[in-house]
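Asker: My questions concern the predicted model and sequence given below.
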Amino acid sequence: MAAFEALIDPANNITELQTYLDQYFLPAGSDLVPWVPPDYNPEPPIVQNMSDSYVYKNFTKDINALWLVLGRNITEEVVEHPERHSFVPLAHPMVVPGGRFRESYYWDTWWIMRGLLVCDMNTTAYYVLDNLMHEVELFGFVPNGARIYYLDRSQPPVLSEMVVDYLEYNLRQSAQVVTPFLASFVDRAVSLLETEYAWWMNKTTQHVLTFSLPTSSILTADQPFLNPQGGAFIPAYLNRYHSNASSPRPESFAPDYHNSLFDVRTDAEVNTFYHNVRAGAESGWDFSSRWIAGMTNISFIETTEIVPVELNCYLYKLEQNLAYLLKLQANHQSSQGAISAAAAQELQWTAGNYTVAARLRYYAIQEFLWDNASYHWRDYNLTSQSFAQRNVTGSGDEASSTYSTVAYWLPLWAQIYPNMTTSLPDQLNLTATPTAATTATTLTTVDVCEGLVSSLLQSHLIQVGGVLTTTAQNTGQQWDAPNAWPPLVLLLIEGLTRLAQDSEDPHHASRQCARAGAMAANVTKLWLETNYVAFNRTGYMYEKYNAYEMGIGGGGGEYTPQIGFGWTNGVALILINDTYRVHDHNYFDDDHRPADDDAIVISFDDDVDLSPGAMAASVILPFAFITAVLIGVFYCYQKRQTTHGLTAPMLADAEVVSPLPLAHSSPPPIVGVVQNVQLVDHRSPAPTVEKHDGTYATATALPV
């Protein structure tokens, strides 16, 4: 400190400051050393089982080898003197994203773990998962990354998905036998996931918002459970990204400080900027026009005013996964005689509680985030109390029907589908005539699927090199055009695949929604080719890619493009694994081999042509792909009523709700799992939404 205090004008004398830093600080990344995963295999079973003619066999081996590049462990110095370092103490070594991202990051780890499991690296997969679980034990939530300066925020809450992925993989390895290790794992995971859920639903973190949900939107079968008092409105919860910290991010101090001073602002306005820029970082989309008023100048970021579609999908799945794991826990412990009948019944009731929470969120997503005119979901703006307005030009704040983001279709991944009693917009230009849209009040599942596929086609998100994050142009933000990001591409593929599977019409076998499955197969093919071409040209797997050009890395944002790259590797391995398992292994023979250089050309009339004919020509055996379950093995607990098709499954028939105890006539109240949330009066005369300052405003322009 004496040396620092002796500096003369360090803010302006950069040479002097750099000399001080070189003398007293170690280089970035010096607190970590390379680590070789103990279960690394240069030719894992996925590679061994591939025929030599399979074009991606060597590519798969090369991606697998990157686990050696991305393995890290902390140094002895960090262990002995943690007070000198910013690193969060973790339980195990880690696999990092790569490039400037030298430590573990929350949502990156999900796709890393899934990629490790594809390579049968079960031990390393457990390490990276257990590190995140350990962080919940330390902090009550999973921070953005494994540094102490990330403790003001989290990232998209996907830990429950990781738990279920890991559990289902190991159940397959054990022939569905719940081993003592897996039983202990589930017990611990349930407790920690409940802790994480409570953090997201605790009002002090300001993530949770209370909406007044019209009970008229709830299915008759759900009314006794969700609306036992028969009120016109009931409280339902949606979430946003938020941070309570009111200072520049330590990892981006200079740009944050500079951007906070863009305009003449009060101290309160500067603090609001810091809340919003940190919340944008929590979203994982740092940064995007979705969060920025005017779309280009980050000084006007307004993340905390946006209720994002995808965050509520993640939390919906968290609620469902908790219900599933609690039921599994109850059944296993009962079968082992480890708990009493009363204790097992309590676990079943807690599972039912989370099911109620999920059902309420499902209806809230449909009521407040569904835009029937565009036939997709949209973000909600708390200030305007209407859909968030953006356009594609990167300037202005007026509405534009041509602005889209892949987030608007991510409810498909969560198996959230629109109400089948609404009509399809005329502008969708469906290839198949709806059977009920103009003659009845209820659409078929195929009608809904056709509508969703058509709205996605008209969004222009799908391009030759992948799926655009948003269609906003010239914003300078990396989570906008032209970039395509691996995790979002995979979520869309999985969503389309599930849509195709869930929309099979048992009453009209000839009207299955093949377009969704064919689109998923086509996007998979495009994405693997752009990864393959880029890797063969450069030797790198990129953090993101240019959706407009095959095999080109992305750009923009706060930092230079990164290589490595954890989630890119994971997504590629997942898709290779799935496509290889379901396709004829000779499909990728020499005649179909992707080009290694710029000679590869995939052209679309207009922006993209994914008509049924074009998509059928671009894939082999599309129906085989449709029937393949990407990661749907563990969603089998979500039972669906064929008479309701794509609507939410009725609560009374959901597997997580066991036969109701005789002492009760309805599931326990939701307040048992939502902590410190102020409920809205059921008798409210008009829909209301709780604003970020804790007050309520009448919602005069709610999307109904």
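Answerer: The structure has been received and is ready for your questions. Residues are numbered from 1 along each chain as shown.
Asker: contacts, neighbours, all on C-alpha from now
Answerer: Noted.
Asker: I figured residue 404 hits residue 470, correct?
Answerer: Yes - at 5.5 Å, residue 404 counts as touching residue 470 under the criterion of CA atoms under 8 Å.
Asker: anything in contact with each of the two?
Answerer: Counting by CA atoms under 8 Å, 6 or more residues apart in numbering, the residues touching both residue 404 and residue 470 are residue 461.
Asker: what's the distance between residue 240 and residue 216?
Answerer: From residue 240 across to residue 216, the span is 25 Å (CA to CA, to the nearest Å).
Asker: my bad, should have said residue 56
Answerer: In this structure, residue 56 and residue 216 are 52 Å apart, going by CA to CA.
Asker: ok, back up a step: so residue 240 and residue 216 - more neighbours on which side?
Answerer: A side-by-side neighbour count of residue 240 and residue 216, using other CA atoms under 10 Å, places residue 240 first with 24 against 11.
Asker: For the more buried one, give me its contacts.
Answerer: Contact partners of residue 240, counting by CA under 8 Å, 6+ apart, are 207-209, 304-308, 311-312.
Asker: Same question for residue 218.
Answerer: Residue 218 makes contact with residue 363, according to CA under 8 Å, 6+ apart.
Asker: Okay, buried residues for stretch 290-305 please.
Answerer: Neighbour counts over stretch 290-305 (16 or more other CA atoms under 10 Å) mark 290-305 as buried.
Asker: If you count contacts, what does the helix or strand containing residue 347 end up packed against?
Answerer: Element membership of residue 347 [criterion: DSSP states H and E] is helix 341-368. In terms of contact count using 3 or more CA pairs under 8 Å, 6 or more residues apart in numbering; DSSP states H and E, helix 341-368 is assigned the packing partners strand 208-214, helix 223-226, strand 233-239, helix 309-335.
Asker: try 6 Å this time
Answerer: Judged by 3 or more CA pairs under 6 Å, 6 or more residues apart in numbering; DSSP states H and E, the packing partners of helix 341-368 are helix 309-335.
Asker: Give me the distance from the helix it packs on to the chain's centre.
Answerer: How far helix 309-335 lies from its chain's middle: 16 Å, per CA atoms, centre = their mean, to the nearest Å.
Asker: who does that helix touch, helix- and strand-wise?
Answerer: helix 341-368.
Asker: Now do the helix it packs on against strand 208-214, angle only.
Answerer: Put simply, helix 341-368 runs at 80 degrees to strand 208-214, going by axes from the mean of the first three to the mean of the last three CA atoms, to 10 degrees.
Asker: ok, and for helix 341-368, which residues are buried?
Answerer: 344-345, 347-368.
Asker: likewise stretch 47-65?
Answerer: For stretch 47-65, by 16+ other CA under 10 Å, it's 47, 50, 54-57, 59-64.
Asker: Can you lay out those as a markdown table showing distance to residue 150 and secondary structure?
Answerer: As requested, the buried residues of stretch 47-65 are exported to a markdown table (distance: CA to CA, whole Å; DSSP: H, G, I helix; E, B strand; the rest coil):
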| residue | distance to residue 150 | secondary structure |
| --- | --- | --- |
| 47 | 38 | helix |
| 50 | 42 | coil |
| 54 | 43 | coil |
| 55 | 41 | coil |
| 56 | 38 | coil |
| 57 | 39 | helix |
| 59 | 35 | helix |
| 60 | 34 | helix |
| 61 | 34 | helix |
| 62 | 33 | helix |
| 63 | 29 | helix |
| 64 | 30 | helix |
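Asker: Out of those residues, which is nearest to residue 115?
Answerer: residue 64 (8.7 Å; CA to CA).
Asker: Distance of the closest one relative to residue 105?
Answerer: Using CA to CA, residue 64 is found at 20 Å from residue 105.
Asker: Equivalent analysis for residue 298, please.
Answerer: Distance, residue 298 to residue 105, using CA to CA: 23 Å.
Asker: before we move on, what about residue 392?
Answerer: Relative to residue 105, and taking CA to CA, residue 392 is found at 31 Å.
Asker: swap in residue 2?
Answerer: From residue 2 to residue 105 the distance is 35 Å (CA to CA).
Asker: which of the two has more neighbours?
Answerer: residue 105 (24 against 6).
Asker: got a list of what the more buried one touches?
Answerer: residue 145 (CA atoms under 6 Å, 6 or more residues apart in numbering).
Asker: Let me know the pLDDT of it.
Answerer: As predicted, residue 105 sits at a pLDDT of 97.
Asker: And the one 3 residues further on, by the same measure?
Answerer: In this model, residue 108 is scored at 98, pLDDT.
Asker: now do residue 101
Answerer: Residue 101 is given a pLDDT of 81.
Asker: Number of residues surrounding it?
Answerer: Residue 101 has 16 neighbours, counted by other CA under 10 Å.
Asker: Look up how far residue 379 lies from it.
Answerer: For residue 101, the distance to residue 379 - CA to CA - is 29 Å.
Asker: Check residue 238 too.
Answerer: Using CA to CA, one obtains 11 Å as the distance from residue 238 to residue 379.
Asker: do the same with residue 160
Answerer: 23 Å.
Asker: if you count what's nearby, which of those two comes out ahead?
Answerer: Neighbours per residue (other CA under 10 Å) separate residue 160 from residue 379, with residue 160 holding more: 26 against 23.
Asker: what about the closest residue to that one other than its chain neighbours, neighbour count?
Answerer: Distances taken as CA to CA, 6 or more residues apart in numbering put residue 318 closest to residue 160, at 5.6 Å, once the chain neighbours are dropped. Residue 318 sits with 23 neighbouring residues when counted by other CA under 10 Å.
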